[in-house]
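S.K.: what follows is a predicted structure for the sequence shown.
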Amino acid sequence: MPIIKNITGKRVLSADGTLLGVVESVDGDRIKLSGSGGQFVSGSLIASVQDDEVQLSTGANEVTRSGSGSE
């Protein structure tokens with residue numbers, strides 16, 4: 001899993017290219033997405049972090065169904 005420091009403000013894309021939101025904050029090993037009703041995504045789903053994007057290793061449907069929901 002890539003280091004998830006300093007990713008606030010980066011766009012989060014699923015493996016299928018769907019824009020899921022923007023990183024609002026990091027809470028332990030989870031990232032909170034802005035504009036998603038407070039959805040958290042597990043850091044274990046991060047495939048890579050590049051310039052202004054966080055790329056996930058799974059599709060948008062899987063992110064919603066994984067236990068990475070709202071708090």
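M.R.: Happy to help now that I have it. Numbers count the residues shown, from 1 in each chain.
S.K.: the strand ranked longest in the chain - which strands sit beside it in the sheet, and in what orientation?
M.R.: Ranked by residue count, the top strand of the chain under DSSP state E comes out as strand 19-27. Strand 19-27 pairs in its sheet with strand 11-13 (antiparallel), strand 30-34 (antiparallel), by DSSP bridges.
S.K.: and the first one, average pLDDT?
M.R.: Per-region confidence: strand 11-13 scores 95 on mean pLDDT.
S.K.: now do that strand: distance to the chain's middle.
M.R.: Here the centre of strand 11-13 is set off from its chain's centre by 6 Å, with CA atoms, centre = their mean, to the nearest Å.
S.K.: contacts for it next, please.
M.R.: 19-23, 31, 33, 41, 52-56 (CB atoms under 8 Å, 6 or more residues apart in numbering). Every C-beta, even on glycine, is put in place using the N, C-alpha and C of the backbone.
S.K.: which of those are buried? Put it as a ChimeraX command.
M.R.: Applying 16 or more other CB atoms under 10 Å to the contacts of strand 11-13, the buried members can be selected in ChimeraX as follows:
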select :20,21,22,23,31,33,41,54,55,56
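S.K.: and the helices in this structure?
M.R.: 60-65 (DSSP state H).
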